[in-house]
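Undergrad: no sequence for this one, just the structure:
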């Protein structure tokens, strides 16, 4: 991989890079019963980042198969795919588009883009930590990233819930998004 120095960071050369799905994870965390957290991830997704000559003009896009949600509990996963939540049959994709860098400090970038879930699109802000660039043992180019965000699921039409006898609700409104991964030059 050709790299360059930009503001004391060693970054990839301008170009398009595909997310390495074998080395990336799109996960989430949500409160359960007001006392604990449930974690899950999506197993099928694709995306790319186009790094511009001026890295602050870079863009990204992501497509997630809504039906690939996995929390480790088949019954819960089926409920999350249903009309109560993702309605994965009717809305098979979750997308993130029009991503653009709005600020940065050292290796941390703030990226804003349009997240679409269940045909509802809202602008969301991602905190992106650039992990560095290198070459893997087989001579392939790679660079890494960590991304976090928080969304209100009800803003996307995911409003199902159940009141608890002890007060509160079964499923929290806020979802924390946690993405870790690598990207490689597009072929």
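TA: Okay, I see it. Computed from a predicted model, the values in this text were never measured in an experiment.
Undergrad: for this structure, just list every one of the helices.
TA: 74-81 (DSSP state H).
Undergrad: for residue 144, the count of nearby residues, please.
TA: Applying other Cβ atoms under 10 Å, we find 17 residues neighbouring residue 144. Placement of C-beta: from N, CA and C, glycine included.
Undergrad: same question for residue 54.
TA: As a burial measure, residue 54 scores 10 neighbours (other Cβ under 10 Å).
Undergrad: how near is it to residue 34?
TA: Residue 54 is 46 Å from residue 34, where distance means Cβ to Cβ, to the nearest Å.
Undergrad: now swap in residue 134 and tell me
TA: 43 Å.
Undergrad: again with residue 62
TA: 31 Å.
Undergrad: next one: residue 128
TA: 30 Å.
Undergrad: which one of these two is surrounded by more residues?
TA: Neighbour totals were compared for residue 128 and residue 34, and residue 128 leads with 21 against 13 (other Cβ under 10 Å).
Undergrad: wait, that one touches residue 109, no?
TA: Yes. Between residue 128 and residue 109 a contact is recorded at 4.4 Å, counting by Cβ atoms under 8 Å.
Undergrad: what's residue 177 in contact with, if anything?
TA: 26, 27, 28, 126, 147, 148, 149, 150, 151 (Cβ atoms under 8 Å, 6 or more residues apart in numbering).
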